[in-house]
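Chemist: Task: produce atomic coordinates for the following.
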Amino acid sequence: TGISAAERKIQSANFVIDDHTPSPKTIRTDSYHIVVAIGTGIALWALLYSAVYQLAPYVLSDMAMFFTKAALVTFGGAYAVLPYVFDSAVNEYQWVSAAQMMDGLALGETTPGPLVMINAFVGFVGAAQHTSLTFLPIAGAGALGAIVATVFTFLPSFVFILVGAPWIEATRKNLSLAAPLTAISAAVVGVIVDLALIFAQHTFFPDGQLWSWRSLDLVAICITVLAGLMLLQFKLGMLTTLLISTALGVVAVALQLP
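Modeler: Residues are numbered from 1 along each chain as shown. Next up is the predicted model:
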């Protein structure tokens with residue numbers, strides 16, 4: 001059968017980390033603990049959202065709802081949801097500009113956990129420059145936005161962990177359940193390509209005029225080509241390539257190259 005063939009393939013595979021650790025006997029997958037975890041999460045979310053909705057300007061409640069939705073659809077890692085965050089923050093809510101979002105994406109890619117970093121960045125910048133928060137100092141308004149973005153990104157994730165982690169431990173050798181997760185992981189590759197295209201569009205055509213030679217950033221294209229050659233042809237390391245590319249970009253800006 002398909003499952004037995006897959007089992008044989010897994011058994012014969014040479015894993016770097018061969019984990020045969022048995023599932024902990026203290027795993028709790030009963031309905032009571034699931035209901036308690038979900039109920040506590042929903043109650044806490046409702047309490048926090050009600051406080052933000054009643055006491056804060058509307059932009060913060062909009063952020064709370066949006067980042068909750070973004071956290072709920074984060075299957076397959078941050079790259080699966082970043083295009084959605086990009087489109088919503090720039091085009092739908094207009095909290096940040098495309099150039100600011102590109103800065104946030106670049107910042108997020110330099111650290112572990114890019115989704116949380118980017119959400120906090122969007123929350124900070126979006127709140128700092130929003131008209132409904134002009135009565136606060138820029139840093140204070142930005143801090144409120146970053147806190148809202150962080151809290152409402154983490155809260156659904158905590159619920160998922162409390163509910164799902166025991167099931168993952170109890171069913172990690174069940175291939176019939178692992179297959180859908182494998183399919184999701186494969187689909188994420190396509191989403192990463194989509195994110196790369198978004199990067200390329202806003203990097204190579206910073207004015208937003210797609211496929212217009214006048215708005216084409218030749219310096220960015222040259223640095224991209226050189227980076228590709230350094231990685232693929234000359235087999236330089238990722239860190240070395242990043243440092244060289246960054247230095248070239250700084251020089252290009254200093255010389256005010258077109």
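Chemist: Please, which helix or strand holds the spatially closest residue to L257 that is not a sequence neighbour?
Modeler: With sequence-adjacent residues excluded and distances taken as CB to CB, 6 or more residues apart in numbering, L257 is closest to V219, at 5.2 Å. Any C-beta I mention is one placed from the backbone N, CA and C, and that applies to glycine too. Taking DSSP states H and E as the definition, V219 sits inside helix 218-232.
Chemist: quick revisit: count the residues that sit near the residue nearest to L257.
Modeler: When neighbours are counted by other CB atoms under 10 Å, V219 registers 16.
Chemist: mind listing what's buried in whichever helix or strand A106 is part of?
Modeler: For A106, the enclosing helix or strand under DSSP H and E is helix 98-109. Residues Q100, M101, M102, G104, L105, G108 are the ones in helix 98-109 that count as buried (16 or more other CB atoms under 10 Å).
Chemist: what packs against that helix?
Modeler: helix 82-87, helix 114-128, helix 175-204 (3 or more CB pairs under 8 Å, 6 or more residues apart in numbering; DSSP states H and E).
Chemist: From L107, how far out is V116?
Modeler: For V116, the distance to L107 (CB to CB, to the nearest Å) stands at 12 Å.
Chemist: can you check V96 too?
Modeler: For V96, the distance to L107 equals 12 Å [CB to CB].
Chemist: likewise L257?
Modeler: Applying CB to CB, the value for L257 to L107 is 24 Å.
Chemist: A37 too?
Modeler: The value you get for A37 to L107, if CB to CB is used, is 33 Å.
Chemist: any weak-confidence spans in the stretch 1-150 of the chain?
Modeler: Within the stretch 1-150 of the chain, the set of residues satisfying pLDDT under 70 comprises 1-29, 75-77.
Chemist: Mind jotting down where the helices sit in it?
Modeler: 2-12, 31-55, 58-72, 82-87, 98-109, 114-128, 138-171 (DSSP state H, counting those that start in this stretch).
Chemist: quick one, the longest one and helix 114-128 angle?
Modeler: This means helix 138-171. With axes from the mean of the first three to the mean of the last three CA atoms, to 10 degrees applied, the angle from helix 138-171 to helix 114-128 works out at 150 degrees.
Chemist: now helix 138-171 against helix 58-72, angle please.
Modeler: Interaxial angle of helix 138-171 relative to helix 58-72 (the same axes, to 10 degrees): 20 degrees.
Chemist: quick check: angle from helix 138-171 to helix 175-204?
Modeler: 150 degrees.
Chemist: What is helix 138-171 packed up against?
Modeler: Judged by 3+ CB pairs under 8 Å, 6+ apart, helix 138-171 is in contact with helix 31-55, helix 58-72, helix 114-128.
Chemist: can you pull the contacts of Y49?
Modeler: S61, A64, M65, T68, F152 (CB atoms under 8 Å, 6 or more residues apart in numbering).
Chemist: Filter those residues down to the buried ones.
Modeler: Listed as buried from the contacts of Y49 are S61, A64, T68, F152; burial here means 16+ other CB under 10 Å.
Chemist: And for V148, the neighbour number?
Modeler: Residues lying near V148 (other CB under 10 Å) number 28.
Chemist: Would you agree it is in contact with L60?
Modeler: Yes - if you go by CB atoms under 8 Å, V148 and L60 touch, sitting 5.1 Å apart.
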